[in-house]
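*Asks:* Make a model of this:
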Amino acid sequence: MKHFFVLFLVAFCLFSCKDDEQSEDNPYSIAIGNKIYTIQQGADQEGAMGQLLEEEIKISITDYEGKPLSASLEFVVTDGGTIDQVESTEVGEENWVVLKWQLGCRYEKQTLIIIDDYVCNISKEGCVDVKLFEIEITVGPAGKGWTMACSDTGFGDDLKRFIVQKNELLAYTSDGLYVTKNVENNNWEKVNSNKYFNQDYTVNQFESGELVLFSGYYNYISLDNGRTWETIPFPGSSYDYKRLTILSNGDYVSIYDGSRDVFISSDAGSSWTTAIDDISTLTGDYTKIKAITSDGNKAYIFTENFDVIVYENGNTTLHTFQEYSWGSYSMRYFDAQVHDGLLFLSVQYSYTNYIAVLDLSTDTVVGSFAIQSSFHVLKQDDKLYLIPEKATNFYYEYYQGSFLIKELNYLNSDNYSSGVMTIFKGFPIHYSNQTQKLNYYIP
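*Replies:* Residues are numbered from 1 along each chain as shown. Got it, this is the predicted structure:
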């Protein structure tokens, strides 16, 4: 990949000005009038079409004694690229001009021109525009950092959720399911466009490969990543809000909202038997089931009275937690996963969103905090993440007992709120329903 850096010098100086000169120590430094302009970082980079260059471009402006000066700089990019001016947080860079440059999607050679549009004392005409630097990049393969896919995905402005399954990434829209194995080439195949996807249904995925769509009246399962679907006859009436988990041995375990019973099927939902008849016989009080998840051959059933019942091979174990350990009796949204021997819960109650971590070996809550919006608990490649249901500019990764905030540091951050994100092959991707563009991270 070739890079060209061209310095445009003013050929004359009037009155008492020093001659324009280039620094011997830094070839990306130029003196014009009473100012020295220096690109301190980012002048020599590589990138691909649509890529946000990894390094920020940092420019200092000083007098001949090194004192910081202000300047009115203008930035011109070719090929529809984007420049975002940010502030440096590094000590000693408070007065520097700091830029992020995202390359465009049309031309192999792309240029950034840096201009001071108010340089005085060098021309009889008064203060004039002076072109300071021109940085040219010949694009190549994408490197580390964020890249915007240049081609169209076909999702429009109605992407509801990403689903990661069997090394494929599925995009769930009201128009159907789209799938890809490689976000870098942004080649999506529309695999299903039937009536099942015309509303905002809930889709759950399982490590054994099944996708289950809960529509309220009818529920569907796919064994081939959304290409084909079959109905599942669930216990309860068609009006009940149902939940399903699938054990490693292939058994289906089901609940429905407001029930006190747990059901099990060994023939992929064709027939059901009662696994637990009235959970109040275990808990000792009148309570209802709120959610269910599984790990291996264990099913974890959560009650509104803050109990966790573990079901395995016909045996049950009751774990009782203090009242309001992870919410209230009016929990509306509930998501759970098992990771490193702990239960991770994401719940919503009274318009408050709450994360709790339960240790069943001691029946204690070992961690909890409130968050601004609902987060989906995602387990992938032996890691655990909290993914926002409504996109924000960050997500969480669980690491060594703590949740780390991971920010989505790409341009056009005002589009985060209208988008959808997930983790694919260990790294974040984000789609904006506003710009209809896919952004992905390359490590």
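
*Asks:* residues in contact with stretch 336-350?
*Replies:* Stretch 336-350 is contacted from outside by 291, 293-295, 298, 300, 302, 308, 326-328, 330-335, 353-361, 366, 374-379, 384, 386, 398, using Cβ atoms under 8 Å, 6 or more residues apart in numbering. For every residue, glycine as well, the C-beta is placed using N, CA and C.

*Asks:* buried residues in stretch 254-265?
*Replies:* Ser254, Ile255, Tyr256, Ser259, Arg260, Asp261, Val262, Phe263, Ile264, Ser265 (16 or more other Cβ atoms under 10 Å).

*Asks:* What is the most widely separated pair among those residues?
*Replies:* Arg260 and Ser265 (18.7 Å; Cβ to Cβ).

*Asks:* what are the ranges of the helices in this structure?
*Replies:* Along the chain, counting by DSSP state H, helices occupy 280-283.

*Asks:* Any of the contacts of stretch 336-350 buried? List them.
*Replies:* Using 16+ other Cβ under 10 Å, the buried members of the contacts of stretch 336-350 are 291, 293-295, 298, 300, 302, 308, 326-327, 331, 333-335, 353-358, 360, 374-379, 384, 386, 398.

*Asks:* What about those, which are in strands?
*Replies:* 291, 293-295, 298, 300, 302, 308, 333-335, 353-358, 375-379, 384, 386, 398 (DSSP state E).

*Asks:* Distance of Thr180 relative to Asn186?
*Replies:* 7 Å (Cβ to Cβ, to the nearest Å).

*Asks:* I meant to write Gly269 there.
*Replies:* 36 Å.

*Asks:* Please point out which parts of stretch 175-191 sit buried.
*Replies:* Asp175, Gly176, Leu177, Tyr178, Val179, Thr180, Val183, Asn186, Trp188, Val191.

*Asks:* Could I get the contacting residues of the third one?
*Replies:* Taking Cβ under 8 Å, 6+ apart as the criterion, Leu177 is in contact with Leu170, Ala171, Lys190, Val191, Asn192, Phe197, Gly226.

*Asks:* Return the set of residues that bridge with the nearest residue to the second one once chain neighbours are set aside.
*Replies:* Taking Cβ to Cβ, 6 or more residues apart in numbering as the measure, Ala171 lies nearest to Tyr178, with 4.3 Å between them; neighbours along the chain are not counted. For Tyr178, the beta-bridge assignment (DSSP bridges) gives partners Ala171, Lys190.

*Asks:* Provide a list of residues in contact with Tyr178.
*Replies:* Tyr178 neighbours (Cβ under 8 Å, 6+ apart): Thr153, Gly154, Phe155, Leu170, Ala171, Trp188, Glu189, Lys190, Val191.

*Asks:* and if you look at Thr111?
*Replies:* Val77, Thr78, Glu134, Ile135, Glu136, Ile137 are the contacts of Thr111 under Cβ under 8 Å, 6+ apart.

*Asks:* most neighbours, which of those?
*Replies:* In terms of neighbours by other Cβ atoms under 10 Å, the contacts of Thr111 top out with Ile137 at 24 neighbours.

*Asks:* what's the spacing between that residue and Arg106?
*Replies:* 13 Å.

*Asks:* Lys288 too?
*Replies:* From Lys288 to Arg106 the distance is 58 Å (Cβ to Cβ).

*Asks:* Tyr220 too?
*Replies:* 42 Å.

*Asks:* Settle it for me: which of the two has more neighbours?
*Replies:* Tyr220 (19 against 12).

*Asks:* which ones are touching Lys290?
*Replies:* With Cβ under 8 Å, 6+ apart, Lys290 has these contacts: Phe302, Thr303, Glu304, Met331, Phe334.

*Asks:* Likewise for Thr147?
*Replies:* Thr147 is in contact with Ala48, Gly50, Gln51, Leu52, Glu184, Asn439, Tyr440, Tyr441, Ile442, counting by Cβ under 8 Å, 6+ apart.
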